[in-house]
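> Give the three-dimensional model of this entry:
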Amino acid sequence: MQSVSILIVEDDIFISQHLREQLKKMDYEVAGVAYNAQGALDQLAKHRPDLVLLDINLGEGKDGIDVAEIIREEYQIPFIYLTSYANRSIIERAKPSRPAAYIVKPFTEKDLFANIEIALYNHAQGWQVGSWEPDIINKRFDTEFTRKEVALLRDVFEGKTNRQICEKHFVSLNTVKSHILRIYAKLDVHSRSEAMAELRKRLAQ
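Numbering: from 1, shown residues only. Reported below is the predicted structural model:
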(Lines give C-alpha, C1' and ligand atoms only; values in the text may rest on other atoms or scores of the structure.)
Protein backbone atom coordinates (compact mmCIF):
# COMPACT_ATOMS: atom_id res chain seq x y z
CA MET A 1 0.00 0.00 0.00
CA GLN A 2 1.46 3.35 -1.02
CA SER A 3 -1.38 5.74 -0.27
CA VAL A 4 -2.74 6.52 3.19
CA SER A 5 -4.20 3.26 4.50
CA ILE A 6 -7.25 3.26 6.77
CA LEU A 7 -8.74 0.43 8.80
CA ILE A 8 -12.52 0.41 9.20
CA VAL A 9 -13.87 -1.03 12.46
CA GLU A 10 -17.65 -1.06 12.20
CA ASP A 11 -20.12 -3.79 13.21
CA ASP A 12 -22.80 -2.72 10.70
CA ILE A 13 -21.95 -4.32 7.34
CA PHE A 14 -23.90 -1.72 5.36
CA ILE A 15 -22.16 1.22 7.03
CA SER A 16 -18.76 -0.43 6.64
CA GLN A 17 -19.37 -0.97 2.92
CA HIS A 18 -20.47 2.65 2.53
CA LEU A 19 -17.33 3.80 4.34
CA ARG A 20 -15.16 1.66 2.08
CA GLU A 21 -16.69 3.26 -1.02
CA GLN A 22 -16.30 6.77 0.40
CA LEU A 23 -12.65 6.23 1.33
CA LYS A 24 -11.76 4.87 -2.09
CA LYS A 25 -13.47 7.84 -3.72
CA MET A 26 -11.31 10.12 -1.54
CA ASP A 27 -8.11 8.37 -2.71
CA TYR A 28 -7.40 6.46 0.51
CA GLU A 29 -6.49 2.78 0.67
CA VAL A 30 -8.76 0.55 2.78
CA ALA A 31 -6.40 -1.58 4.85
CA GLY A 32 -9.23 -3.85 5.93
CA VAL A 33 -12.64 -4.05 7.61
CA ALA A 34 -13.29 -5.47 11.07
CA TYR A 35 -16.69 -6.06 12.64
CA ASN A 36 -15.67 -6.62 16.27
CA ALA A 37 -12.85 -5.92 18.70
CA GLN A 38 -10.88 -9.11 18.06
CA GLY A 39 -11.13 -8.62 14.33
CA ALA A 40 -9.84 -5.08 14.76
CA LEU A 41 -6.82 -6.28 16.74
CA ASP A 42 -6.09 -8.98 14.15
CA GLN A 43 -6.30 -6.44 11.30
CA LEU A 44 -4.07 -3.97 13.15
CA ALA A 45 -1.37 -6.57 13.62
CA LYS A 46 -1.62 -7.73 10.01
CA HIS A 47 -1.86 -4.44 8.12
CA ARG A 48 -0.41 -1.67 10.32
CA PRO A 49 -2.73 1.05 8.93
CA ASP A 50 -2.04 4.79 9.05
CA LEU A 51 -5.39 5.61 10.67
CA VAL A 52 -8.40 3.78 12.13
CA LEU A 53 -12.09 4.65 11.81
CA LEU A 54 -13.53 3.15 14.95
CA ASP A 55 -17.13 2.50 15.94
CA ILE A 56 -17.70 2.44 19.71
CA ASN A 57 -20.48 -0.15 19.79
CA LEU A 58 -18.97 -3.42 18.54
CA GLY A 59 -21.44 -5.88 20.00
CA GLU A 60 -20.50 -8.25 22.81
CA GLY A 61 -17.09 -8.18 24.48
CA LYS A 62 -14.66 -5.29 24.10
CA ASP A 63 -15.97 -2.10 22.57
CA GLY A 64 -14.30 0.56 20.45
CA ILE A 65 -12.93 2.46 23.43
CA ASP A 66 -11.18 -0.69 24.64
CA VAL A 67 -9.66 -1.11 21.17
CA ALA A 68 -8.65 2.56 21.16
CA GLU A 69 -6.57 2.11 24.30
CA ILE A 70 -4.62 -0.68 22.61
CA ILE A 71 -4.15 1.41 19.46
CA ARG A 72 -2.79 4.31 21.51
CA GLU A 73 -0.46 2.18 23.63
CA GLU A 74 0.84 -0.29 21.05
CA TYR A 75 0.54 1.37 17.63
CA GLN A 76 0.69 5.15 18.19
CA ILE A 77 -1.47 5.87 15.14
CA PRO A 78 -4.45 8.25 14.99
CA PHE A 79 -7.99 6.96 15.27
CA ILE A 80 -11.37 8.59 14.80
CA TYR A 81 -14.52 7.50 16.59
CA LEU A 82 -17.55 7.08 14.32
CA THR A 83 -20.50 6.54 16.59
CA SER A 84 -24.19 7.07 17.21
CA TYR A 85 -23.43 7.84 20.86
CA ALA A 86 -23.33 11.52 21.78
CA ASN A 87 -24.35 11.31 25.45
CA ARG A 88 -22.08 12.81 28.11
CA SER A 89 -21.17 9.54 29.83
CA ILE A 90 -19.80 7.94 26.63
CA ILE A 91 -17.94 11.09 25.63
CA GLU A 92 -16.39 11.37 29.08
CA ARG A 93 -15.27 7.74 28.85
CA ALA A 94 -13.88 8.29 25.35
CA LYS A 95 -11.84 11.42 26.19
CA PRO A 96 -8.91 9.72 27.97
CA SER A 97 -8.28 7.50 24.93
CA ARG A 98 -7.31 10.70 23.05
CA PRO A 99 -9.11 10.24 19.72
CA ALA A 100 -8.05 12.40 16.78
CA ALA A 101 -11.73 13.19 16.23
CA TYR A 102 -15.21 12.15 17.35
CA ILE A 103 -17.81 12.02 14.55
CA VAL A 104 -21.45 11.41 15.35
CA LYS A 105 -23.54 9.42 12.86
CA PRO A 106 -25.01 10.25 10.45
CA PHE A 107 -22.16 12.19 8.86
CA THR A 108 -21.39 13.52 5.40
CA GLU A 109 -18.50 12.67 3.11
CA LYS A 110 -17.16 16.18 3.68
CA ASP A 111 -17.22 15.65 7.47
CA LEU A 112 -15.30 12.41 7.06
CA PHE A 113 -12.71 13.84 4.68
CA ALA A 114 -12.07 16.96 6.77
CA ASN A 115 -11.61 14.99 9.99
CA ILE A 116 -9.30 12.42 8.39
CA GLU A 117 -7.10 15.13 6.87
CA ILE A 118 -6.89 17.08 10.14
CA ALA A 119 -6.15 13.90 12.09
CA LEU A 120 -3.30 12.92 9.76
CA TYR A 121 -1.85 16.43 9.76
CA ASN A 122 -1.99 16.85 13.54
CA HIS A 123 -0.46 13.42 14.04
CA ALA A 124 2.46 14.34 11.79
CA GLN A 125 2.92 17.66 13.60
CA GLY A 126 3.38 15.78 16.85
CA TRP A 127 6.67 14.48 15.43
CA GLN A 128 8.78 17.41 14.34
CA VAL A 129 11.80 17.03 12.08
CA GLY A 130 14.60 19.49 12.74
CA SER A 131 15.53 19.96 9.09
CA TRP A 132 14.54 18.53 5.72
CA GLU A 133 17.81 19.50 4.03
CA PRO A 134 19.02 16.48 2.00
CA ASP A 135 22.53 16.62 3.48
CA ILE A 136 21.15 16.46 7.02
CA ILE A 137 18.58 13.76 6.17
CA ASN A 138 21.20 11.58 4.47
CA LYS A 139 23.47 11.71 7.52
CA ARG A 140 20.77 9.88 9.49
CA PHE A 141 20.49 6.95 7.07
CA ASP A 142 22.77 4.34 5.53
CA THR A 143 21.60 5.30 2.05
CA GLU A 144 21.33 8.51 0.03
CA PHE A 145 18.13 10.30 -0.95
CA THR A 146 17.95 12.72 -3.85
CA ARG A 147 16.49 16.19 -3.29
CA LYS A 148 13.27 15.07 -5.01
CA GLU A 149 13.04 11.97 -2.81
CA VAL A 150 13.51 14.07 0.31
CA ALA A 151 10.64 16.32 -0.82
CA LEU A 152 8.41 13.28 -1.32
CA LEU A 153 9.60 11.82 1.97
CA ARG A 154 8.39 14.97 3.69
CA ASP A 155 5.00 14.68 1.96
CA VAL A 156 4.65 11.09 3.18
CA PHE A 157 5.65 12.18 6.69
CA GLU A 158 2.97 14.90 6.62
CA GLY A 159 0.28 12.39 5.63
CA LYS A 160 -0.40 13.55 2.07
CA THR A 161 -2.11 11.08 -0.25
CA ASN A 162 -0.48 10.06 -3.53
CA ARG A 163 -2.90 12.26 -5.46
CA GLN A 164 -2.14 15.26 -3.27
CA ILE A 165 1.57 14.68 -3.91
CA CYS A 166 0.88 14.53 -7.66
CA GLU A 167 -0.90 17.87 -7.58
CA LYS A 168 1.79 19.49 -5.45
CA HIS A 169 4.70 18.43 -7.68
CA PHE A 170 2.86 18.42 -11.04
CA VAL A 171 3.76 14.81 -11.82
CA SER A 172 1.75 11.72 -12.72
CA LEU A 173 0.40 9.21 -10.22
CA ASN A 174 2.66 6.50 -11.65
CA THR A 175 5.71 8.75 -11.19
CA VAL A 176 4.82 9.34 -7.54
CA LYS A 177 4.29 5.62 -6.96
CA SER A 178 7.66 4.82 -8.54
CA HIS A 179 9.44 7.40 -6.37
CA ILE A 180 7.74 6.16 -3.22
CA LEU A 181 8.60 2.53 -3.98
CA ARG A 182 12.27 3.53 -4.31
CA ILE A 183 12.05 5.43 -1.02
CA TYR A 184 10.51 2.37 0.69
CA ALA A 185 13.32 0.20 -0.68
CA LYS A 186 15.94 2.60 0.70
CA LEU A 187 14.20 2.62 4.08
CA ASP A 188 13.72 -1.17 3.94
CA VAL A 189 9.97 -0.81 4.63
CA HIS A 190 6.82 -1.87 2.79
CA SER A 191 4.11 0.60 3.84
CA ARG A 192 3.48 4.18 4.87
CA SER A 193 3.04 3.27 8.53
CA GLU A 194 6.40 1.46 8.52
CA ALA A 195 8.01 4.42 6.73
CA MET A 196 6.55 6.82 9.32
CA ALA A 197 7.87 4.68 12.17
CA GLU A 198 11.35 4.55 10.63
CA LEU A 199 11.37 8.30 9.99
CA ARG A 200 10.34 9.05 13.55
CA LYS A 201 13.04 6.78 14.91
CA ARG A 202 15.74 8.42 12.80
CA LEU A 203 14.58 12.03 12.48
CA ALA A 204 12.02 13.11 15.07
CA GLN A 205 13.20 15.55 17.74
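
> Centre of the chain to the lowest-mean-pLDDT helix or strand in the chain, how far?
Using mean pLDDT, DSSP states H and E, the weakest-scoring helix or strand in the chain turns out to be helix 192-203, at a mean of 78. How far helix 192-203 lies from its chain's middle: 13 Å, per CA atoms, centre = their mean, to the nearest Å.

> what do you get for stretch 167-184?
Stretch 167-184 sits 19 Å away from the centroid of its parent chain (CA atoms, centre = their mean).

> SS state for the residue nearest to residue 43 when sequence neighbours are not counted?
Nearest residue to residue 43, sequence neighbours excluded (CB to CB, 6 or more residues apart in numbering): residue 32, at 4.2 Å. Any C-beta I mention is one placed from the backbone N, CA and C, and that applies to glycine too. Look at residue 32: counting by DSSP: H, G, I helix; E, B strand; the rest coil, its state is strand.

> can you pull out the strands in the protein?
5-9, 29-34, 51-54, 79-83, 101-104 (DSSP state E).

> Make a markdown table out of the ones you listed and add distance to residue 189, mean neighbour count and mean pLDDT.
Formatted as a markdown table, the strands of the chain follow (distance: least, CB to CB, whole Å; neighbours: other CB atoms under 10 Å; pLDDT from 0 to 100):
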| stretch | distance to residue 189 | mean neighbour count | mean pLDDT |
| --- | --- | --- | --- |
| strand 5-9 | 13 | 25 | 96 |
| strand 29-34 | 15 | 21 | 94 |
| strand 51-54 | 17 | 26 | 96 |
| strand 79-83 | 21 | 24 | 95 |
| strand 101-104 | 27 | 16 | 94 |
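
> For stretch 91-101, give me every contacting residue.
Applying CB atoms under 8 Å, 6 or more residues apart in numbering, the contact partners of stretch 91-101 are 51, 54, 56, 65, 68-69, 72, 78-81, 85, 102, 115, 118-119, 122-123.
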